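Novice: dropping a prediction and its sequence here:
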Amino acid sequence: MKLDINHLLYWQGGCLLLIAFTIIFYRSEILSFKVFGALFGLSLLVWFLVAVLTLLKLCAVFYQQLQASTQSSLVAPLLTHIVAGLLAVVFIALIANIVYKVKSVPRIHDITTDTHNIPLFKKALEQRGTESNSLEYDPDVVRQQQVAYPYIQPLNSSLSIDDAFERALSVSNAIGWKVHNSNKVEGIIEATDTSKVFGFVDDIVIRVTQQEGGSRIDLRSVSRVGRSDLGANAARIKGFLSTYQ
C-alpha cells in the first residue's frame, strides 16, 4: 500500500486516539501501570515514526510540486498537508520536551526537605497498591536530590507549632491536595496529589515540629508509580513552601 499524506494523517489520528483511550482506561483503573506504560510507550513510538515519515513525505511532495511548477496541484491538497504537518511538528516538539526533561532531572521519585530525619508516612501505607513504589527511603537519592534541587530545604517559621500546623493544613487544602490524615498531636498531615492528565497519584507527608523561636515545617513527596518523577515532587514541595510563606 502506497502511503500518501491522507494515510499518514489517519495513522497520526489513530495514535492520538490510542493514547487518549490508554489514559482513560488507566485513570479508570482498567489498565495496570505496567500495561499502561507499555501501550503508551508503543503509541508514542509509532506516532514518532509516522510523524517523521509525514515530514519526509511533505518535503518530497512540495519538492515535486516546485519541480512541476503547477499551481493547481499545489492548492488542492493544501489543508490536508497543513494539518498533517502541524500534528507531526507538534508531536516531535512534545517528544523533544519529554526527552529534555528526562535528561535534565535525576531518575528519582522520593523528595524530602529533611534527608537525615525522614518524615514518615502512616495512613499512606494503607492506601498504596501492590504496584506502588516502596516508601522505604533510599539513601542513594540524597546526593542526586542535593545536586538537582538544592532549593528543597526545611521552612523555619516564627509561628507557634499550633498555628504553623493550621497554616500547613490550610495551604494543603487551598492548593488542591486531598488530605486524608491530620494529626495535630503528632504534627503530621498526610495528603495525595493527582496529576490532571494521567491521573498519577503521589503521596505527601507534612511534619510540623517545634523549635526555638517558632516551628519548622518539613515535607516529603513520593510518586506511587514510575522511576523518575520528571521533577514533579520537587516542584510540588517548592510550590507548597512558596504558598505557605
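Specialist: Arrived safely, thanks for sending.
Novice: C-alpha from now on. contacts and neighbour counts both.
Specialist: Fine.
Novice: can you show me the strands along this protein?
Specialist: Remark: strands assigned in the chain by DSSP state E are 110-112, 155-157, 178-183, 188-194, 201-211, 214-223.
Novice: turn the ones you listed into a markdown table, columns for mean pLDDT and mean neighbour count.
Specialist: As requested, the strands of the chain are exported to a markdown table (pLDDT from 0 to 100; neighbours: other CA atoms under 10 Å):
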| stretch | mean pLDDT | mean neighbour count |
| --- | --- | --- |
| strand 110-112 | 97 | 27 |
| strand 155-157 | 95 | 18 |
| strand 178-183 | 95 | 14 |
| strand 188-194 | 97 | 22 |
| strand 201-211 | 96 | 22 |
| strand 214-223 | 97 | 23 |
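Novice: of all those, which one is nearest residue 129?
Specialist: strand 201-211 (10.9 Å; CA to CA).
Novice: now the closest one - C-alpha only, PDB.
Specialist: The C-alpha trace of strand 201-211 is given here as PDB (Å, rounded to 0.1, in the frame of the first residue of the first chain):
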ATOM      1  CA  VAL A 201      -1.300   9.800  42.500                       C
ATOM      2  CA  ASP A 202       1.600  11.000  44.600                       C
ATOM      3  CA  ASP A 203       1.700  10.800  48.400                       C
ATOM      4  CA  ILE A 204       2.700  13.800  50.600                       C
ATOM      5  CA  VAL A 205       3.500  14.000  54.300                       C
ATOM      6  CA  ILE A 206       4.000  17.300  56.200                       C
ATOM      7  CA  ARG A 207       5.700  17.300  59.500                       C
ATOM      8  CA  VAL A 208       5.400  20.300  61.800                       C
ATOM      9  CA  THR A 209       7.800  20.400  64.800                       C
ATOM     10  CA  GLN A 210       8.600  23.000  67.500                       C
ATOM     11  CA  GLN A 211      11.900  24.700  67.600                       C
END
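Novice: I'd like the strands of the chain as a markdown table, with distance to residue 121 appended.
Specialist: Shown next, in a markdown table, are these (distance: least, CA to CA, whole Å):
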| stretch | distance to residue 121 |
| --- | --- |
| strand 110-112 | 12 |
| strand 155-157 | 19 |
| strand 178-183 | 10 |
| strand 188-194 | 7 |
| strand 201-211 | 6 |
| strand 214-223 | 9 |
